[in-house]
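1. Have a look at this fold, sequence not included:
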């Protein structure tokens, strides 16, 4: 069996208004190689763009990998690191207030993709000193400007 590739994925989502036009971006790094991807949605929310960025980034991988996924979205990172997703699934996709979980369609998609990989979910401070997070933010905002 071959050793899994180590991949770093940086993600970010942006929204002009919430809801409003949105953009997402991801940067994949494998060794010295980098790939930037980004996209647009005409009417969305910031959280949906954050989730979409992670989904699209992980979808670029064509085999199981060890992944460090960096995001400035506490919503995304905590859902995995603090077992929110397990609780939501156990409760029939209802949150602690017994309300339907927001964005459950994207969460389910992300869970299916994430299951193929060994992922370390890492929170980074947004608009700070991480150049890859800052670049993802630039790409996501650029998508909004170009498509609105």
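-> Okay, I see it. Predicted model only: the values in this text are computed from it and were never measured.
2. Quick check, central residue of this protein?
-> residue 54 (2.4 Å; Cα atoms, centre = their mean).
3. Now do the same for that one: its pLDDT.
-> Residue 54 is assigned a pLDDT of 98 by the prediction.
4. would it count as being in a strand?
-> No: assessed with DSSP: H, G, I helix; E, B strand; the rest coil, residue 54 is helix; it does not lie in a strand.
5. wait, what's in contact with it?
-> Contacts for residue 54 (Cβ atoms under 8 Å, 6 or more residues apart in numbering) come out as 9, 11, 26, 69, 71, 76, 110. Quick note: C-beta positions are derived from backbone N, CA and C, even for glycine.
6. Closest one of those residues to residue 95?
-> Within the contacts of residue 54, distances to residue 95 taken as Cβ to Cβ reach their minimum at residue 76, with 15.4 Å.
7. circling back to that earlier point, can you tell me how far the residue nearest to the centre of the chain is from residue 145?
-> Separation of residue 54 from residue 145 (Cβ to Cβ, to the nearest Å) stands at 22 Å.
8. So the residue nearest to the centre of the chain versus residue 97, what's the distance?
-> 24 Å.
9. now residue 50
-> 21 Å.
10. The two: which is more packed in?
-> residue 50 (27 against 5; other Cβ atoms under 10 Å).
11. Surely the more buried one is in a helix?
-> Yes: assignment of residue 50 by three-state DSSP places it within a helix.
12. so who does it touch?
-> Taking Cβ under 8 Å, 6+ apart, one finds 11-13, 24, 71, 73, 75-76 in contact with residue 50.
13. make it 10 Å
-> Residues in contact with residue 50 (Cβ atoms under 10 Å, 6 or more residues apart in numbering) are 11-15, 22, 24, 71-77, 103, 106, 140.
14. same question, residue 102
-> Counting by Cβ under 10 Å, 6+ apart, residue 102 makes contact with 45, 47-48, 51, 75, 95.
15. can we see that at 8 Å?
-> When contacts are counted by Cβ under 8 Å, 6+ apart, residue 102 touches residue 47.
16. For this protein, which residues score under the pLDDT cut-off?
-> Counting by pLDDT under 70, the ranges of the chain that qualify are 1-2.
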